[in-house]
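need a 3D model of the following:
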Amino acid sequence: MNTVAAIEPRHAAGQRLRERIFRGATLAAALVVLALLGGVAITLIKGSWPAFSHFKFAFLTTEIWNPVTDKYGALAPIYGTLVTSLLAMLLAVPISLGIAIFLTELAPSWMKRPVGVAIELLAAVPSIIFGIWGLFVLAPILQRHVQPFLIDWIGPLPVIGKLFQGPPFGIGILSASFVLAIMVIPFISAVMRDVFETVPDVLKESAYGLGATTWEVIWKVVVPYARTGMVGGIMLGLGRALGETMAVTFVIGNAHRVSTSLLAPGTTISASIANEFTEAVGDLYTSSLILLGLILFVITFFVLAAARYMLSRINKRIG
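Okay, the predicted model is just below:
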């Protein structure tokens with residue numbers, strides 16, 4: 001009894017020590033993340049300050065980008081980044097939702113695993129491979145078949161027709177959006193599939209027992225139950241689309257101009273930095289490129305903040 005009594009306090013003290021070490025390690029890991037984020041932000045602000053102090057907020061509203069005269073504006077890259085990401089999400093979200101619903105609710109058991117593995121393998125393909133495929137395969141198809149059709153049938157329409165006017169270059173905003181959509185589909189569909197699989201079977205069986213069809217079970221039981229995770233998956237894909245570099249660089253045309261036509265060449269923030277940073281000569285040129293990176297950082301931050309706000313609103317509504 002004396003031995004047990006002597007061991008138990010030592011064991012309890014050891015547990016408390018391990019608990020303190022564990023708490024300290026996890027706190028240090030969290031602080032490291034914050035320190036890295038703060039370091040990136042400080043570096044970008046410091047590097048971009050010469051350009052911002054020279055151009056002020058006109059940098060955000062100016063389209064011209066001329067290294068010869070040292071005149072720079074971020075309007076074209078910002079426009080290209082936002083438009084390509086928005087179009088990519090409009091194309092990718094419905095397809096990803098359909099894939100997730102098929103794999104969890106409709107696919108036969110022998111098909112679920114091969115299709116799921118194929119989606120995961122698609123997510124593992126390097127972005128530069130998508131860029132090469134987009135330039136040599138997708139762009140010619142769009143130039144010869146898709147874009148002429150859009151120009152002939154949608155181009156003459158009022159309002160929306162302005163988006164599909166001009167010569168069929170093959171490369172441009174629309175081509176980059178297609179490539180981005182293909183790249184983010186695996187991420188969004190994989191998250192949605194995993195979220196749909198967490199829906200309790202008793203909820204779906206109860207709906208079927210009340211006479212609901214498969215369509216009604218999916219849209220009135222599965223989707224409402226998993227909508228928080230669905231929003232998270234969509235925002236994950238949007239973050240990937242906003243920051244994609246190499247694949248977009250291959251197919252967007254890399255033209256610093258804003259055009260109402262989706263068929264025209266354009267550029268994005270990440271593509272502009274990748275194309276010009278190694279050739280930047282002069283402090284103002286380099287600082288302008290760093291300022292582009294800061295703008296992309298801020299855009300991504302606000303997108304993630306909006307996603308967190310939406311998720312909190314959804315959770316409160318559910319609760």
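
contacts and neighbour counts: CA atoms only from here.
Will do.

shaky segments in this structure?
By pLDDT under 70, the low-scoring segments of the chain are 1-7, 314-315, 317-319.

give me that answer again for 50
1-5 (pLDDT under 50).

quick one: the strands in it?
In the chain, the segments counted as strands under DSSP state E are 65-66, 71-72.

which one of these is the most hemmed in?
strand 71-72 (a mean of 18; mean count of other Cα atoms under 10 Å).

that strand packs against which elements?
Secondary structure elements in contact with strand 71-72, counted by 3 or more Cα pairs under 8 Å, 6 or more residues apart in numbering; DSSP states H and E, are strand 65-66.

what sits up against the strand it packs on?
Under the criterion Cα atoms under 8 Å, 6 or more residues apart in numbering, residues 71-74, 256 lie in contact with strand 65-66.

can you rerun that using 10 Å?
With contact meaning Cα atoms under 10 Å, 6 or more residues apart in numbering, strand 65-66 is reached by 71-77, 255-257, 285, 288.

likewise stretch 10-28?
So stretch 10-28 is contacted by 7-9, 29-32, 34 (Cα under 10 Å, 6+ apart).

reformat the contacts of strand 65-66 as CSV; add distance to Thr104.
As requested, these are arranged in CSV below (distance: Cα to Cα, whole Å):
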residue, distance to Thr104
Lys71, 53
Tyr72, 50
Gly73, 47
Ala74, 43
Leu75, 43
Ala76, 41
Pro77, 39
Ala255, 43
His256, 44
Arg257, 44
Tyr285, 51
Ser288, 48
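
ok, those vs Gly39, which is closest?
Ser288 (19.2 Å; Cα to Cα).

residues contacting the nearest residue to the closest one once chain neighbours are set aside?
In space, and not counting its chain neighbours, Ser288 is closest to Ala51: 5.2 Å by Cα to Cα, 6 or more residues apart in numbering. The contact partners of Ala51, taken as Cα under 10 Å, 6+ apart, are 59, 72, 283-292.

how much space separates Ala51 from Phe301?
From Ala51 across to Phe301, the span is 21 Å (Cα to Cα, to the nearest Å).

show me what contacts the nearest residue to Phe130 once chain neighbours are set aside?
In this structure, Phe130 finds its nearest non-sequential neighbour in Ala247, 5.7 Å apart by Cα to Cα, 6+ apart. Neighbour list for Ala247: 126-135, 176, 179-180, 183, 271 [criterion: Cα under 10 Å, 6+ apart].

mind redoing it with 8 Å?
Contact partners of Ala247, counting by Cα under 8 Å, 6+ apart, are 127-132, 134, 176, 179-180.

helices - which of those land there?
Counting by DSSP state H, the part of those found in helices is 127-132, 176, 179-180.

burial of the closest residue to Gly233 other than its chain neighbours, as a residue count?
In this structure, Gly233 finds its nearest non-sequential neighbour in Ile188, 4.9 Å apart by Cα to Cα, 6+ apart. By other Cα atoms under 10 Å, the residues close to Ile188 number 27.

surely Ile188 is in contact with Gly239?
No. Between Ile188 and Gly239 there is no contact under Cα atoms under 8 Å: 11.0 Å.
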